[in-house]
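Dropping the sequence and predicted coords here.
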Amino acid sequence: MGNVLRLLYKHCCEPTTSNSQSLGPHGVSAQNAGVSALARDLLHFEVTSQVPEGLSKHVVSSKKAQSNWFKKLLQAWKEANPPPQTPEETARLVIATLKRHQKADVEGLLAFYNLPFPHTLVELSSGVPSTYPDGVKYELHTLPVDAKAVADGDTITVYVSTANPRESASVPREVQVAAIQRSKARADRDYAKADSLHKKIIDHNYRVIPIHNEEVLAKKYRIRLRGIDAPESAMPYGKQAKEELTNLVQGKSLRVLVYGEDRYNRCVGDVYCNGIFAQEMMLKKGCAWHYTAYDRRAELANWEKQARAKRVGLWASKNPEEPWKWRKQKREGR
């Protein structure tokens, strides 16, 4: 294998081992199938100088012009550090590389690989506030998030290591003892006893989580993203909203600025993932409403307004139903 082959396949084409995502072509997640397909075709082009069959049906320029695009894209991908891994990153690379080419060709190429069009891409702020905004009570630093922990587009279950100074002083004595006894039971290969002890730990809102070949005792928190309300899973666009949040947070450690708790004992907070403000992303991609009944921040209102103007996400529908109204109807049995 050449270096380019290893580079492309390492970052986007190796089959996923997660059971939480449906797999599409080439053994990758369905959402990233277009990224994988483009990477595969670039590799094929490097070896054969042939562009993919069927591309001509989506673009207006000749095969000679298409070959020129693929030369440029291959070079751009090799120079990218890191290479694009998501549909949005890949679309940005294509658009930047072919910015002097015809709009019909660029959009045709994006459509061929099912990548986002320019008007649907959003620019996101970067970084966590340097000082706590008014109202923040404390901050959580989570362990990497499992995809199955995302309940919908505005709720995530996270775990925080008890090694964290804020957590270490409040671990119940029975949880500490059960964790020690479980470790000994596993060393003795008494897995039935170990499982029983783990259930006791879980009943106290804790869990032992394997991280990098080590077992970490962690406390469970349910997080409600402050200021937004995403469609419920059973609503139109509910599945897409959940997938969007999952793709952002899965496998990542989060920073959560907690403002308080709601009536369901969930922590209400601002969620940051690798510097990306989750609520900003969800609003700008049209995956949620600004929840004005509980949050009056002007920036959130502006991000929703931008998505409405672009008609992206749920705003592609003429009259999307607000989730708070949908929930009220369900409660009233209508």
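Sure thing, it's come through. If you're wondering where the values come from, they're calculated on a predicted model, not measured in any experiment.

Let me see the domain layout of the chain.
3-120, 138-331 (automatic domain parsing).

Turn these into TSV, columns for mean pLDDT and mean neighbour count.
For glycine as for every other residue, the C-beta is placed from the backbone atoms N, C-alpha and C. As requested, the domains of the chain are exported to TSV (pLDDT from 0 to 100; neighbours: other CB atoms under 10 Å):
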stretch	mean pLDDT	mean neighbour count
domain 3-120	80	16
domain 138-331	95	17
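
Can you tell me which of those is nearest to Ser130?
With CB to CB as the criterion, Ser130 lies closest to domain 138-331 of the domains of the chain, at 12.2 Å.

Okay, now the closest one: how far is its last residue from its first?
Domain 138-331 has an end-to-end distance of 33 Å (criterion: CA to CA, to the nearest Å).

go on, stretch 262-273?
22 Å.

Tell me where the stretch 101-250 of the chain has helices.
For the stretch 101-250 of the chain, the helices defined by DSSP state H, counting those that start in this stretch occupy 103-112, 165-168, 173-187, 191-203, 238-249.

which secondary structure elements does the lengthiest strand in the chain contact?
Secondary structure assigned by DSSP state E gives strand 214-225 as the longest strand of the chain. Strand 214-225 is packed against strand 155-161, helix 173-187, strand 206-211, strand 267-273, helix 278-284, with contacts defined by 3 or more CB pairs under 8 Å, 6 or more residues apart in numbering; DSSP states H and E.

Take those and write them to CSV, including distance to His58.
Below are those laid out as CSV (distance: least, CB to CB, whole Å):
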stretch, distance to His58
strand 155-161, 37
helix 173-187, 55
strand 206-211, 44
strand 267-273, 33
helix 278-284, 27
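
now for the ones you listed, which one comes closest to Lys242?
Nearest of the helices and strands packed on strand 214-225 to Lys242, taken as CB to CB: strand 155-161 at 9.3 Å.

counting contacts, what elements does that closest one pack onto?
Against strand 155-161 (3+ CB pairs under 8 Å, 6+ apart) you get strand 138-141, strand 150-152, helix 165-168, strand 214-225, strand 254-261.

could these go into a markdown table alongside distance to Cys267?
Listed next are the helices and strands packed on strand 155-161 as a markdown table, based on distance: least, CB to CB, whole Å:
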| stretch | distance to Cys267 |
| --- | --- |
| strand 138-141 | 7 |
| strand 150-152 | 14 |
| helix 165-168 | 13 |
| strand 214-225 | 5 |
| strand 254-261 | 5 |
